[in-house]
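J.: next comes the sequence, and after it the predicted model I'd like to discuss.
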Amino acid sequence: MTIPDLSAVVAAAVVRYPAAWAHAHREGDPRRWEWIRLCAADLATVDPRFGLNGKRGVAADLSADAVNFLGAPGVGRTPDGVPCQVIDVIGAAGGPAAVPAWQVFTDPAAASGAWVWAGPVAAVVGLPVVPYPDEPVFWGRFAERVEWAYQAAQRRFPDPADPSAFRWFARAGYRIGRGEAPAAVADAVIVELKAGLAG
C-alpha cells in the first residue's frame, strides 16, 4: 500500500476556501484551524484514511498545517502503535508567502501523531449551521412518518426481516448534522424510504 498523492486536492482547497486560507495557521488567529479542517474533509472524501493530525499524539491539539494518513507504510505511529503518516500541506505556514504543499515526513517523530476524524465540517465558518431539531417535535413526527411508510407498504416497523431499518434515522441525522434544513431532510429521506420499500 502506498500513500496516494492528493496534492491536487490540497491545491484545490486553497481556491475553494479562500477566506479560510487567509487565516490558515496564523498564530493567535481563532480561525487558524478552519482551512485545515476543510482540506482534511476534502481529502477524506477521496480516501477516508486521511484525517486531521493530533500533534505529539494528542487528539485535542490539532495541527493547523498537516494531515494524518492512517495505516500508511511509513515510519509514523499513532499513540496506539498503528502505522500512520503525517503530511505537511502548507509550505511557509503562517506567513504571507504560504503555499499549498505535500511533504511526507520521513523522521519518525515528525511522521507520528494522533489520527482524528476529519468531518463533517458544517460548523466551519462559511458553511450553514442548523440547530439540531428537538426530540418530541421533529423526531417524533419523523418516526410517525417512517412507521406510516412501512404500514403503506404492508410491512411492520420495526421489521424483524429488515434489521437495518433504523438507517433512515441515521441518514436524516447525518444530513442535518452537515447543515441541511431538517424539514427538507425529512421529506427527502421519506421519499427515499418509500422508494426503497417499493423496490
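T.: Yep, it's here. Numbers count the residues shown, from 1 in each chain.

J.: okay, CA-based contacts and neighbour counts for the rest of this
T.: Will do.

J.: and the next helix or strand past the worst-scoring helix or strand of the chain on mean pLDDT?
T.: Here the helix or strand of the chain ranked lowest by mean pLDDT, DSSP states H and E is helix 167-177, holding a mean of 79. As assigned by DSSP states H and E, the chain's next helix or strand after helix 167-177 is helix 182-198.

J.: list the buried residues in that following helix.
T.: Applying a neighbour-count criterion of 16 or more other CA atoms under 10 Å, one finds 182, 185-186, 189-190, 193-194 buried in helix 182-198.

J.: need these in CSV (columns: pLDDT and distance to Thr78).
T.: CSV is the format used below for the buried residues of helix 182-198 (pLDDT from 0 to 100; distance: CA to CA, whole Å):
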residue, pLDDT, distance to Thr78
Pro182, 83, 37
Val185, 85, 37
Ala186, 88, 39
Val189, 89, 38
Ile190, 89, 41
Leu193, 87, 40
Lys194, 88, 44
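
J.: can you lay out these as a markdown table showing distance to Pro160?
T.: Formatted as a markdown table, the buried residues of helix 182-198 follow (distance: CA to CA, whole Å):
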| residue | distance to Pro160 |
| --- | --- |
| Pro182 | 28 |
| Val185 | 26 |
| Ala186 | 23 |
| Val189 | 21 |
| Ile190 | 20 |
| Leu193 | 17 |
| Lys194 | 18 |
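
J.: nearest to Pro96, of the residues you listed?
T.: Of all these, Pro96 sits closest to Pro182, with 40.6 Å by CA to CA.

J.: in space, what's closest to that closest one - neighbours in sequence excluded?
T.: Ile176 (5.8 Å; CA to CA, 6 or more residues apart in numbering).

J.: can you tell me how far the one you found is from Val14?
T.: 26 Å (CA to CA, to the nearest Å).

J.: one more: Ala98?
T.: Counting by CA to CA, the gap between Ala98 and Val14 amounts to 10 Å.

J.: more neighbours: which of the two?
T.: Val14 (20 against 15; other CA atoms under 10 Å).

J.: so who does that one touch?
T.: The contact partners of Val14, taken as CA atoms under 8 Å, 6 or more residues apart in numbering, are 21, 100.

J.: flag every buried residue along the one helix or strand it maps to.
T.: Val14 belongs to helix 7-16 when assigned by DSSP H and E. By 16+ other CA under 10 Å, the buried positions in helix 7-16 come out as 9-11, 13-14.

J.: now these as CSV including pLDDT and distance to Gln154?
T.: Formatted as CSV, these follow (pLDDT from 0 to 100; distance: CA to CA, whole Å):
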residue, pLDDT, distance to Gln154
Val9, 94, 47
Val10, 94, 50
Ala11, 94, 52
Ala13, 92, 48
Val14, 92, 51
